[in-house]
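A.B. asks: mind looking at a prediction? Sequence and model below.
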Amino acid sequence: MTTANSRISKHLGVQRSDHTTIRYTASGPADGPTLVLIHGWGCDRGDFDAVTGHLHDTHRVLAVDLAEHGESRSTREVWTMREFARDVAVVLEAESVTTAVVAGHSLGAAVAVEVGRLLPGTVSHVVALDGLHYLSLFPAQHEEQGQALLGVFRDDFAAAVRGLVEAGSPAGTAPALVDGYFEKMVAVRQPAGLHALEGLVRWDMDAALRETKQPITVFAVRDLVTREAIDRYGDRFDIVLVDLGSHHFPVEAPEATARLLADVRSR
C-alpha cells in the first residue's frame, strides 16, 4: 500500500572509491517496480523531477547525476560510457536493486546500454529517450570524423553547444526553451564535459548492441529521426516515434513521458 512517506523524494549520495561521489534521488514505494533515470550530456537528474512526480505513486524511481554533472563530483581521468555506467551501477548496488528498467536521455541512453551490459541479471529493459538513433553521435566515428566533431567544440564551445541544442529543436520549439537548454548545457563542468563528448564519439555502439541481451526501446522525436537510422537499427531496437516536443521532451512533456516509461514493462 502506498503511503505519503513512500512518496517523499530522498536526496542521497554514494562514494565510488576515492575519486567519485555520485548523488541521486530516490522516490516512490520501496516495493514498486524500479525505474532508473539517466540524464543527458550537460544536464542533470533535475530534468526528471516532473516525470518522477507522475510515477512516484507506483514506481520506485532512482534519478542519477552522472559524474561531474549536477551535484556529482569526480577527479577521475576515464570518461567512457562504460565508466559512466559504473556511476549508475554503484547506485543500484547501494539501493539493493535486483531488477530494474534503465532509461537514459540522449548520452544517457548510451550509458543505459552499458548499464545493461554491466548488470545483465539486474536490468530487464533498456530505454532511450531520444538517444541512440543520431548517426553522427552514437555509432563509433572514424578518427578523422570524430576529431572534426570534437574540434568544433574545442574551437568555440558555446557556438557548438548552441548548434547542438538547435539541431535538437524542431520547427516551432519556443525560443525560450532553446535558450534555457543552451544556458544549462554550456555550463557543463570542464574538462569532464569535453571528455564525455569524446567518450560518446568513440563509443562503439554496434559492438555494445551485439552484447546487450535486454530488449531496447527508443522513443524518438518524429521530426528528428532519419530513415537511415531506422533502416540501420530498426531490427536491433524498437523505435517508437513520438510527438512530444524537442529533443528534451521529458522536460516539456513529463506526464506523457511518464506514461511511456510506465508502459515499457508491457512492451
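C.D. replies: Yep, it's here.
A.B. asks: gap between the helix or strand where residue 24 lies and the chain center?
C.D. replies: Using DSSP states H and E, residue 24 sits within strand 20-27. Distance of strand 20-27 from the chain centroid (Cα atoms, centre = their mean, to the nearest Å) equals 15 Å.
A.B. asks: repeat that for stretch 227-239.
C.D. replies: Relative to the chain's own centre, stretch 227-239 is displaced by 19 Å; criterion: Cα atoms, centre = their mean.
A.B. asks: what are the buried residues along that stretch?
C.D. replies: Neighbour-count burial for stretch 227-239, counted by 16 or more other Cβ atoms under 10 Å, picks out 229, 233, 237-239. For glycine as for every other residue, the C-beta is placed from the backbone atoms N, C-alpha and C.
A.B. asks: that older thread, by contact count, what packs against the strand holding residue 24?
C.D. replies: Packing partners of strand 20-27 (3 or more Cβ pairs under 8 Å, 6 or more residues apart in numbering; DSSP states H and E): strand 10-16, strand 60-64, strand 73-74, helix 81-94.
A.B. asks: I'd like to know which elements the helix or strand of the chain with the lowest mean pLDDT is packed against.
C.D. replies: Sorted by mean pLDDT, DSSP states H and E, the helices and strands of the chain end with helix 143-155, the least confident at a mean of 90. For helix 143-155, the elements it packs on are helix 157-167, helix 192-201, judged by 3+ Cβ pairs under 8 Å, 6+ apart.
A.B. asks: using PDB, write out every CA atom in the shortest one.
C.D. replies: Same thing as helix 192-201. Only the C-alpha atoms of helix 192-201 are listed here, as PDB (Å, rounded to 0.1, in the frame of the first residue of the first chain):
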ATOM      1  CA  ALA A 192      34.700  16.500 -18.000                       C
ATOM      2  CA  GLY A 193      32.200  18.000 -20.400                       C
ATOM      3  CA  LEU A 194      34.600  17.700 -23.400                       C
ATOM      4  CA  HIS A 195      35.900  14.400 -22.200                       C
ATOM      5  CA  ALA A 196      32.400  13.000 -22.000                       C
ATOM      6  CA  LEU A 197      31.700  14.000 -25.600                       C
ATOM      7  CA  GLU A 198      34.900  12.400 -26.700                       C
ATOM      8  CA  GLY A 199      33.800   9.200 -24.900                       C
ATOM      9  CA  LEU A 200      30.500   9.300 -26.700                       C
ATOM     10  CA  VAL A 201      32.000   9.800 -30.100                       C
END
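A.B. asks: quick one: average pLDDT of that helix?
C.D. replies: Over the span of helix 192-201, the pLDDT mean works out to 95.
A.B. asks: equivalent analysis for the first one, please.
C.D. replies: With pLDDT averaged residue by residue, helix 157-167 scores 97.
A.B. asks: and that helix with helix 192-201, angle?
C.D. replies: 50 degrees (axes from the mean of the first three to the mean of the last three Cα atoms, to 10 degrees).
A.B. asks: surely residue 205 is in contact with residue 140?
C.D. replies: Yes: the criterion here is Cβ atoms under 8 Å, and residue 205 meets it with residue 140 at 6.7 Å.
A.B. asks: who has more neighbours out of these two?
C.D. replies: Taking neighbours as other Cβ atoms under 10 Å, residue 205 and residue 140 compare with residue 205 leading, 21 against 16.
A.B. asks: for that one, grab phi and psi.
C.D. replies: Main-chain dihedrals, residue 205, degrees, to the nearest 10: phi -60, psi -40.
A.B. asks: so who does it touch?
C.D. replies: Contact analysis of residue 205 by Cβ atoms under 8 Å, 6 or more residues apart in numbering lists 110, 113, 132, 138-140.
A.B. asks: same question, residue 66
C.D. replies: So residue 66 contacts 22, 38-39, 72, 84, 87-88, 108, 111, 196 (Cβ under 8 Å, 6+ apart).
A.B. asks: let's see the strand holding residue 24 as PDB, backbone CA atoms only.
C.D. replies: C-alpha atoms of strand 20-27 as PDB (Å, rounded to 0.1, in the frame of the first residue of the first chain):
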ATOM      1  CA  THR A  20      33.900  10.000  -7.500                       C
ATOM      2  CA  THR A  21      30.900  10.800  -5.400                       C
ATOM      3  CA  ILE A  22      27.500  10.200  -7.100                       C
ATOM      4  CA  ARG A  23      24.400  12.000  -6.000                       C
ATOM      5  CA  TYR A  24      20.900  10.700  -6.800                       C
ATOM      6  CA  THR A  25      17.300  11.000  -5.800                       C
ATOM      7  CA  ALA A  26      15.100   8.000  -4.700                       C
ATOM      8  CA  SER A  27      11.400   8.200  -4.500                       C
END
